[in-house]
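Student: Sharing a model prediction with you, sequence too.
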Amino acid sequence: IANPNHQLGNRMQIETPSAVAALRGTEFRVGAEGDIALQETLEGQVGFSAAGQEVLLPKGFGSAVEKDKAPLPPIVLPAAPDVSTFGKQFSSMPVEFNLTPQAEAVAYISQLALDADFTQILNEQVIQSTKLSFDHLADGRYYLRLRAQEQHGLQGKDAIHVFNVKLLPPPPPPPELVEPLDEAVV
């Protein structure tokens, strides 16, 4: 968060080839790929300008812009995915989660990490279905960060889910597959 004390004259701007995002004491994300820039406001308000025009984006809104064009009017960001029904304990692979479909979501972005700060990310996925699956996880605690993405590429708030993996040992082989011990002849 920049300028938490709201000091006059203290500003932050992020410039991309397509647009400028001006911080207004808030939490936001800005992304650029090629000639497209995206801005998502999670807290506070952000001024997003391009081609001499600015849109103010309050909490929960975003915008997209192509190079040399005006930003789109504010677009409602997708809600955080509902993770309340996700399993918390897994004893076999794969670990699977079924997402509740969101009308505005065209994809879901997931990150799987070993720590709550997401500094040790093990897996990142973009899925266009409502089934998220992980295989080859060792015993331990995992942190899943998940967000929905709408048609312009704007992403909503994060949902965080913590789960544990404690794999069961494999079952013993069936008796017909066990070789008999050689008996000693006396």
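Tutor: Great, that's in hand.

Student: Residue 55 contacts residue 64, doesn't it?
Tutor: No: using CB atoms under 8 Å, residue 55 is not in contact with residue 64; the gap is 10.5 Å. Every residue, glycine included, has its C-beta placed from N, CA and C.

Student: ok but residue 176 is inside a helix, no?
Tutor: Yes: applying DSSP: H, G, I helix; E, B strand; the rest coil, one finds residue 176 inside a helix.

Student: strand partners of the helix or strand of the chain with the lowest mean pLDDT, parallel vs antiparallel please.
Tutor: Of all helical and strand segments in the chain, the minimum by mean pLDDT, DSSP states H and E falls on strand 20-23, at a mean of 72. Note on strand 20-23: by DSSP bridges, its sheet partners are strand 12-15 (antiparallel), strand 45-50 (antiparallel).

Student: for the longest one, what is the average pLDDT?
Tutor: Pointing back at strand 45-50 there. Summarised as a single mean, pLDDT over strand 45-50 is 92.

Student: what does stretch 156-171 give?
Tutor: Mean pLDDT, computed over stretch 156-171, is 93.

Student: Now do that stretch: distance from first to last residue.
Tutor: Distances were taken as CA to CA, to the nearest Å; on that basis the terminal residues of stretch 156-171 are 43 Å apart.

Student: who touches both of residue 55 and residue 64?
Tutor: Contact criterion CB atoms under 8 Å, 6 or more residues apart in numbering; residues shared by residue 55 and residue 64: 71-72.

Student: mind checking which of the strands paired with strand 20-23 is nearest residue 125?
Tutor: strand 12-15 (26.4 Å; CB to CB).
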